[in-house]
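J.: predicted model, plus sequence, below.
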Amino acid sequence: MARAPTILDVAARAGVSKSLVSLVMRGSPHVSDERRARVLEAARELGYRPNAMARSLVRQRTYVLGVVVSDLRNPFHCELIDVVEAAALAADYRALFTSGSRDAEREGIAIDTLLQLRVDGLILAGPVVDEQRIVEASREVPVVLLTRHTKAEGIDSVANHDFRGATMVVDHLVSLGHRRIAHIDGGRGAGAKRRRLGFLAAMRRHGLADEAVVVSGAYTEDSGAAGVERILAAGPPPTAVFAANDITAVGALHALEDRGLRVPEDVSLVGYDNTAIARLRHIDLTTVDQPKQEMADHAVRLLVERLDEGRTSTEHIVVDPTLVVRGSTGPVR
């Protein structure tokens, strides 16, 4: 039986070093197009396929980062996948994604699966599992929380300033003359508590504490619609609604329209996350932007620093959000 070609054979055929072949096989962007083409052509001619399992056993590394996103139905998490993957590739790693579907038990299974696949580190985006489960995972590999805060030692985190983002929303609406403002919160979702506290603090600062209305919700379209129904059933309709995220705002928009209320003529509406859905012309949603690429870059960097540089200190990074004003908000009639 003929001997299977090795990485050394590919290097010899391409006239490059073994380390350069390794970079190409790992998909590193730090290789010129000419050299990459030469290596890939040599591999094709020889019929070489890298054995990832054998490579990981030899190096005790897979150069794969496991990523768990809490809800693939939320467009914000789908957009996170793109930017995290790009950040991982730029750092010479690959990313492997899975989801817990907003369920703590399923999220725990997703984490266990990635650990069994021997990923080098974990990024947990908006996790709903309890902190003890996260701490347990961090004893096996480095863990970074994305969009969720933590005080746990040894676990890094990256999030936007949810409290400040919510105050920006209230300041904008008050500047337009709104006083009775309702908030459909995100329940137990990542960042939801800080957004709710920021909303209430800003309403107090403007002397509008008695005008503030908060109803419980979740980061889903259905909760946005249900939130509007509860708000309208509780008393006079507000002149503005702040939804905990963009998809919640879409549900609220549909419910308002079903009740014959126009946005923004009758009710102004604000979301959070600045997803692609907010930019759709027929939605045109005022929203708070979380700088996704910046957050992804930080998350991957924090993992790589632990994996490649041996960093042991804990870092918690909070980035600044910005308000993006579109057509869903306007002056009080």
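T.: Ah, there it is. Residues are numbered from 1 along each chain as shown.

J.: count of residues packed around the nearest residue to Arg49 once chain neighbours are set aside?
T.: In space, Arg49 comes closest to Ala43 once its chain neighbours are excluded; the distance is 7.8 Å by C-beta to C-beta, 6 or more residues apart in numbering. Quick note: C-beta positions are derived from backbone N, CA and C, even for glycine. Neighbourhood size, Ala43 [other C-beta atoms under 10 Å]: 21.

J.: ok, now Val270?
T.: Val270 has 31 neighbours, counted by other C-beta under 10 Å.

J.: and it, what does it touch?
T.: Under the criterion of C-beta atoms under 8 Å, 6 or more residues apart in numbering, the neighbours of Val270 are 169, 172-173, 240-243, 249, 285-288, 328-329.

J.: where do the strands of the stretch 51-200 of the chain begin and end?
T.: Secondary structure of the stretch 51-200 of the chain (DSSP state E, counting those that start in this stretch): strands at 64-69, 94-99, 121-125, 143-146, 156-160, 181-184.

J.: the ones you listed: which one's closest to Gly47?
T.: strand 94-99 (22.6 Å; C-beta to C-beta).

J.: so what touches the closest one?
T.: Contacts of strand 94-99 (C-beta under 8 Å, 6+ apart): 26-27, 63-72, 77, 81, 84-85, 88-89, 110, 113-114, 117, 119, 123.

J.: low pLDDT regions in the protein?
T.: 1-2, 26-27, 50-60 (pLDDT under 70).

J.: quick one, helices of it?
T.: 7-14, 18-25, 33-46, 52-59, 75-90, 104-116, 131-138, 162-175, 192-205, 221-234, 246-258, 292-309 (DSSP state H).

J.: kindly compare burial across those and name the winner.
T.: Among these, helix 246-258 has the highest mean neighbour count (mean count of other C-beta atoms under 10 Å), at a mean of 23.

J.: so Leu96 bridges to which residues?
T.: Note on Leu96: beta-bridge partners by DSSP bridges are Gly66.

J.: one more: Ser268?
T.: The partner list for Ser268 in beta bridges (DSSP bridges) reads Ala240.

J.: contacts only, for it.
T.: In this structure, Ser268 makes contact with Leu173, Leu176, His178, Thr239, Ala240, Val241, Thr286, Ser328, Thr329, Gly330, judged by C-beta under 8 Å, 6+ apart.

J.: again with Ala234
T.: Ala234 sits next to Val213, Val215 when contact means C-beta under 8 Å, 6+ apart.

J.: what of the one 3 residues further on?
T.: Listed by C-beta under 8 Å, 6+ apart, the contact set of Pro237 reads Ile231, Leu261, Asp266, Val267.

J.: if we go to 7 Å?
T.: Contact analysis of Pro237 by C-beta atoms under 7 Å, 6 or more residues apart in numbering lists Leu261, Val267.
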